[in-house]
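J.: Build me a model from this:
(one chain, ligands or ions: 1)
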Amino acid sequence: MSMNKRKKIAVWKPKNLVVERPKKIETEKRVENKKEYDHKWRAYSIAYRKSNPFCVECLKEGIYNSDNIHVDHIIPITENPELKYEESNHQSLCV
Ligand SMILES: [Zn+2]
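T.: Predicted coordinates:
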């Protein structure tokens, strides 16, 4: 076995390298069910956030927060899929 030899000559480990990765879109992370978030929804979501740019929960605290806003379903679409595009069932929330 030559494993030990190899370890000794490894001066720096790949771990220490700073790898620059292309930034992924943040919203992708919080998408739990990607199938539900299709192209149509994304377009709708962008439009909704333009007219409702602030997190409703933060607004209750008097804070105008427009960072990391996503469109939340008040009644989850898992409970009622018909309400997916029902505007009255939507609210802007931060993460
Ligand atoms: Zn908030």
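J.: list the contacts for the nearest residue to Leu83 once chain neighbours are set aside?
T.: Counting by Cβ to Cβ, 6 or more residues apart in numbering, the nearest residue to Leu83 once its immediate chain neighbours are dropped is Asn89, at 4.2 Å. For every residue, glycine as well, the C-beta is placed using N, CA and C. Asn89 sits next to 73-75, 83 when contact means Cβ atoms under 8 Å, 6 or more residues apart in numbering.
J.: Would you write a PyMOL line that selects the buried entries of those?
T.: A single PyMOL command selects the buried members of these (16 or more other Cβ atoms under 10 Å):
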select buried, resi 73+83
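J.: And the average pLDDT for the top helix by length along the chain is what?
T.: Longest helix of the chain, by residue count under DSSP state H: helix 39-51. For helix 39-51, mean pLDDT is 95.
J.: which outside residues touch that helix?
T.: 69-71, 84-85, 87, 90, 92.
J.: Output that helix as PDB, restricted to C-alpha atoms.
T.: What follows is helix 39-51, C-alpha atoms only, in PDB (Å, rounded to 0.1, in the frame of the first residue of the first chain):
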ATOM      1  CA  HIS A  39     -42.300  28.600 -15.000                       C
ATOM      2  CA  LYS A  40     -45.800  30.000 -14.800                       C
ATOM      3  CA  TRP A  41     -45.600  30.300 -11.000                       C
ATOM      4  CA  ARG A  42     -42.200  32.000 -11.200                       C
ATOM      5  CA  ALA A  43     -43.500  34.600 -13.600                       C
ATOM      6  CA  TYR A  44     -46.500  35.200 -11.400                       C
ATOM      7  CA  SER A  45     -44.400  35.300  -8.300                       C
ATOM      8  CA  ILE A  46     -42.100  38.000  -9.800                       C
ATOM      9  CA  ALA A  47     -45.200  40.100 -10.700                       C
ATOM     10  CA  TYR A  48     -46.700  39.600  -7.300                       C
ATOM     11  CA  ARG A  49     -43.600  40.700  -5.500                       C
ATOM     12  CA  LYS A  50     -43.400  43.800  -7.600                       C
ATOM     13  CA  SER A  51     -46.800  44.900  -6.300                       C
END
